[in-house]
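Trainee: okay, sequence plus prediction incoming.
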2 protein chains.
Amino acid sequence: MYKHPNQNTHTIHFEPGGEIVYAPTGLLLSEVMQQAGLELNMPCGGQGRCGRCAVIARDGSKVRRRSTVRLSAEDLAAGYALACQTVVEGDAVLTIPPQEKIERRLVSDKTAAKITLPFTYNPDRQQPLRLFPLTLDPPSMADQTDDWSRLKRALSVVYGLANLTADLPTLCRLGTTLREHDWAVTAVIELDTWDRPNGPPRLVDLRKDEPPSGGRCGWQKDEDKRQKTEDQEEAHLNDSSFILHPSSFSLWGAAVDIGTTTVSLYLVDLLTGEVAAKAAEYNGQIKRGEDVISRIIYAGKNNGLGELQALVVGTINELIERASQRAKINPLEIYKMTVAGNSTMIHLLLGLPPASIRLEPFITTVNQPSSVRAVELGLNIHPQATVDCLPGVASYVGADITAGVVGSRMCTPPSIPLSGEAPPFVPPTGGERGGLTLFLDVGTNGEMVLGDGEWLISCACSAGPAFEGAGVQDGMRATAGAIEEVWINSETFEPTYRVIPQPKLEAQGRPTPPRGICGSGLISLLAEMFITDVIDKAGNLNVVPSSQRDEKRRRIRQGEHGPEYVVAWADETEHGRDIVITKVDIDNLRRAKGAIYAGYTVLAESVGVDLAAVERMLIGGAFGQYINVEKAVQIGLLPDLPWEKFHFLGNTALQGALLALLNRDYRAQVTEVAAKMTYLELSADNAFYEQFTSALFLPHTDINKFPTVAAILD
Amino acid sequence: MYKHPNQNTHTIHFEPGGEIVYAPTGLLLSEVMQQAGLELNMPCGGQGRCGRCAVIARDGSKVRRRSTVRLSAEDLAAGYALACQTVVEGDAVLTIPPQEKIERRLVSDKTAAKITLPFTYNPDRQQPLRLFPLTLDPPSMADQTDDWSRLKRALSVVYGLANLTADLPTLCRLGTTLREHDWAVTAVIELDTWDRPNGPPRLVDLRKDEPPSGGRCGWQKDEDKRQKTEDQEEAHLNDSSFILHPSSFSLWGAAVDIGTTTVSLYLVDLLTGEVAAKAAEYNGQIKRGEDVISRIIYAGKNNGLGELQALVVGTINELIERASQRAKINPLEIYKMTVAGNSTMIHLLLGLPPASIRLEPFITTVNQPSSVRAVELGLNIHPQATVDCLPGVASYVGADITAGVVGSRMCTPPSIPLSGEAPPFVPPTGGERGGLTLFLDVGTNGEMVLGDGEWLISCACSAGPAFEGAGVQDGMRATAGAIEEVWINSETFEPTYRVIPQPKLEAQGRPTPPRGICGSGLISLLAEMFITDVIDKAGNLNVVPSSQRDEKRRRIRQGEHGPEYVVAWADETEHGRDIVITKVDIDNLRRAKGAIYAGYTVLAESVGVDLAAVERMLIGGAFGQYINVEKAVQIGLLPDLPWEKFHFLGNTALQGALLALLNRDYRAQVTEVAAKMTYLELSADNAFYEQFTSALFLPHTDINKFPTVAAILD
């Protein structure tokens, strides 16, 4: 904030809060508001597209509107200006309309979600963090060895550990810790990381663990072992019976998936492999752009990248705090974090400028980042903890997809069940054939992978955010008040719908009035409208003049933006306005589903396989968890396969991050998947446009591709 | 600073500056002054010993003096209080007497001091930093390789370089740099460090170098090479003819010696091995303690360690800036720094708590620290530059001594000259025998090494700062106004002296009046007094009552602190007071020289060699550069060896740091020296105390050990 005005700065008053900021000529109002500490939503990332950052400039205010495309003549007359597009040219008085709060999804952070691992967990063989209890000989005038050499000597003699390294901050605490704890300590050591598979081991922390009740038995065992020779000890390094894990010991890790919309975290007990707590929250970057493109643009602004990095780190820190409180642990005992996310999210987390991801030819800075330390990113876990961002394949097929492939166990043979009780031991697949599988992750982008484990081919198609409720007049996210399922009476065209309940109302036994329609509701609605002939296969609504309307036609009308269908009348809704779906909305949804269909069709064509040959259809992402498969097939979003082939797996990226955290074979598998996966760039592919055009119809130009839908229509 | 007073804070006014600070009860005045931004000298590190931080509390001030040992009854009556020992208990008005400015030595930062290396410099074979000019194929829709993989691919194809790594901040700049410079860049790569002798190579910087005049020939050559196969390229990695060093390219390094008193720096052109600029400055930590013990105590105070680290980093940054300006280079082009210094200085630079260095059994945190990055320490060179702190041996034999052994070329055979023209190639010594050599570095501590290259034994003895002018009534540092040499007429006892001139007075042809006596002056004075019988061999001054004084005795008198000899009368001096040496001073000097003599005598005894067998006596440190050998032998500070055996080598630690920076064989030699050097702990050694007692006489109890002195006395 400019504390002292001078002749080059202007005075900007804000209403209703009364804030005053001094700003130079040319500063954007959005920047002035940030200086004033005023919250501002910019879902489009400050491109002037969304119109959500509009403020009212009082008459006489000296501001210049560089763009007014989102403002009507009435808006302009009323003084409206887009904060992201308007610059200061003199003194001004600005009124901030009540900001639309970013909705907070009712994420239920359930404790200790029991996750079944596809392998029997052995912490000392599968993951690289170890606890080494030690009692050192204190220094004396006869043995003036420095602290660091003394520690290394003990680890070598007792555990056969060689070539230990440490970061400077760990060394800085070394002498004090050893003396405070009277030379009896536990060394937390990371033996290797993916990018240093043969070590050297690194001292991450040195701490005093309370011995388990019953005295110093934890140390006792360690002292017994001192009698052995070094050669004998060497063999014990991988012997789990030797490394003690008394219950008072603890060793924690975290698996994180950074979604564009939602960030999810598992807090994992590395001694047992159990997920002790789960937490999820909207990505704090949402207020600076709802999709990756908006965020990339925002990152290109002055300090935008730093701000976006701080926002996602803030979200992760919030999740860490929440999960740690629930599991009653100290977050500083989290010594490793594995992170999945699309390439833009990984770039923003690491502070890598993402600009070239957006621009042809769509290049990332790095697909396979090296491990970094938590302190480098500002994450509130142990500062020297390794943060391992999983590898991606391309700008639009990121670590969320490679982790998803591993998390979905796409490469495991179909004979092994994807869920349920773990078999005694499933070898990580290596070259094993998984059967022809299509993996689909639908969000703002639709990413998909086809293959059998031996080979994998992937693509991404920009489906747009229609299925996330954006770009649709009454669309909204899947939160309380959203219509999530619709049925239409084919005789009367009257709809019935189900609304995601508001917990308070539900507890009182009262229905929740709808506020809009979420993704699964839109799919359901589009399918019902098509099946009941409310719309034709091109998505056209047959509007007749009101004078000619019968009971059946009263919900189809000419609205402000063209033909529309009324899903809920104003008197049923929360906000007292009709909830409708317009022809424009329908076209957006058709394009979105057409892009996804075209994506996997082109993938299959490119390798010469028939979609019908797909043995398993794995669907990842929150989206997949709520949609009705039948409806999704009816609109041509999903291929017309037998229902038993569909598997909805939830957050496969987070599952993959968990497996990579707990098991270095699975971690290697993510890298292997990233390396072997072929990326098909659709924006340079004519076949894609042909398929896309054909797929704009409901369910498709060629109804023979959807035999079960054809049967219903007959 | 406390901005808002409340009932728990008190108002402290400072005179004469008028500063006001609000401080809580119990805060030390020294801390209050720091909050007020007031400069404060605490040479003893805040222990209440030196009395230099005295301030005057006006009547009525509510302060409590916790210690008054340095204050007389008159001082107390006048309101004096030691800032480091007095706490706030209420409002106070404090007057700060003019602070004794820390003297600024007339360090002449000579440009381009021509240093002769003991080897023919070959930058591509001997040191690990390389410049790799590259022109990358820009990305396209047909080649969407990520930036980092693209760079690695080009380095592999063109130069055969594999396994490249990079720190996160380097990756963060990668995409922008490549695009800004249109894919033609120079990669600055560090191939290895001492703690990773086999790499992997690390990208330190990526930059655009202007091609030399005459067009793109720099890149041209690189493009020609692309035609070769990878196998062929591999062989070129160590071929200096291949790696271009046009004059517009630059690659800089710095060698630093952190002395307790003075920090010195060489700015080195890594392409030629030449020292382009030299700079030296007082260690900024001096104001928080003049010796290592005071600094260790200060480091134990709240944030003392952080403050001392910041002070020495600030000093180094000042030297970097000064040297860079002189050499007209950008300090961000300094890609490596090698640092020598005693163990306490290295701990404070790295932020390692030094407390255990001071307390028996005298343990360092680490003698051989790993490389760190400049950004970790806040050094203003390239943030990803490696900072290599050389290894030490023990708490009181640090990297200054190991570097000094290498820098003094103690391990090279006596047949090879220590200075002058470099022979064609001197192999780094390895196991070569250097002839029995005694290496001596005298500062506050006297550190010494005896050996022949095959074996080395070292010790440190606390000589005290007498030879640095401290602990002596009229002692001072070797700066303008210091008496640096004294001659006494044995008939009249009248002295003649030489004063280090004040440049301004010297330019006017006027003599500089003396202010005190520096170390070399004290040695000279003590020797002259002994040789001329002003004092006897126990240092006693024969004082007679003034009535009995003849001309000869008028300079020997009973002073305030016992017997003293007047070196300069008040009318000759700058401050108008007599300059004297007292019996107390003489005893301090005797103890200092006795400790050093005892040190090397015990070293020799411990390995069963005779001091007379020493072939070379190498003397490092600024101290050695100015003393008169004959006088030093006469008082028994240096052993009575033929003059031709003495070599005064200046700052051998800095020389060693330079050799380690430029040549990995010399760097390995420092580690080898540290590993092979035996450390003799004198504080646990009875032989040392016996020798020390015998060495308190002038020159020694046993005059036969000093035959040339015996001859003079006869």
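Mentor: Received, thanks. Owing to the predicted nature of the structure, the values given are computational and were not obtained by experimental measurement.

Trainee: which one is the residue in the stretch 251-400 of chain A positioned nearest to chain B nearest to, not counting chain neighbours?
Mentor: As assessed by C-beta to the nearest C-beta, chain B sits closest to A:Val366 within the stretch 251-400 of chain A, at 3.9 Å. (C-beta placed from N, C-alpha, C; glycine too.) Spatial nearest neighbour of A:Val366, chain neighbours left out: B:Trp148 (3.9 Å); criterion: C-beta to C-beta, 6 or more residues apart in numbering or on different chains.

Trainee: pull the contacting residues for the one you found.
Mentor: B:Trp148 is in contact with A:Thr365, A:Val366, A:Asn367, A:Gln368, B:Ala166, B:Leu171, B:Leu174, counting by C-beta atoms under 8 Å, 6 or more residues apart in numbering or on different chains.

Trainee: try 7 Å this time
Mentor: A:Thr365, A:Val366, B:Leu171, B:Leu174 (C-beta atoms under 7 Å, 6 or more residues apart in numbering or on different chains).

Trainee: with A:Leu541 instead?
Mentor: A:Leu541 touches A:Val534, A:Ile535, A:Ile556, A:Pro563, A:Tyr565, A:Lys583, counting by C-beta under 7 Å, 6+ apart.

Trainee: so for the second one, what's the pLDDT?
Mentor: In the prediction, the pLDDT value recorded for A:Ile535 is 95.

Trainee: residues contacting the closest residue to it other than its chain neighbours?
Mentor: Once flanking residues are discounted, A:Ile535 sits nearest to A:Met529: 4.7 Å by C-beta to C-beta, 6+ apart. Taking C-beta under 7 Å, 6+ apart, we find A:Met529 in contact with A:Ile488, A:Ile535, A:Tyr565.

Trainee: A:Leu522 too?
Mentor: Contacts of A:Leu522 by C-beta under 7 Å, 6+ apart are A:Phe467, A:Val472, A:Gly475, A:Leu589.

Trainee: is it true that it lies in a helix?
Mentor: Yes: under DSSP: H, G, I helix; E, B strand; the rest coil, A:Leu522 falls within a helix.

Trainee: how about the residue nearest the centre of chain A: what's its closest non-neighbour residue?
Mentor: Centroid-nearest residue in chain A, with C-alpha atoms, centre = their mean: A:Gly259, separated by 1.6 Å. Nearest residue to A:Gly259, sequence neighbours excluded (C-beta to C-beta, 6+ apart): A:Asn283, at 6.5 Å.

Trainee: what score does that neighbour have for pLDDT?
Mentor: pLDDT, read off for A:Asn283, is 93.

Trainee: and the gap between it and A:Val472?
Mentor: Note on A:Asn283: its distance to A:Val472, by C-beta to C-beta, to the nearest Å, is 21 Å.

Trainee: same question for A:Ile357.
Mentor: Taken as C-beta to C-beta, the span from A:Ile357 to A:Val472 is 26 Å.

Trainee: swap in A:Leu680?
Mentor: As judged by C-beta to C-beta, A:Leu680 and A:Val472 stand 29 Å apart.

Trainee: so between these two, which is more surrounded?
Mentor: For A:Leu680 and A:Val472, the more surrounded residue by other C-beta atoms under 10 Å in any protein chain shown is A:Val472, and the numbers stand at 25 against 21.

Trainee: done for today, thanks.
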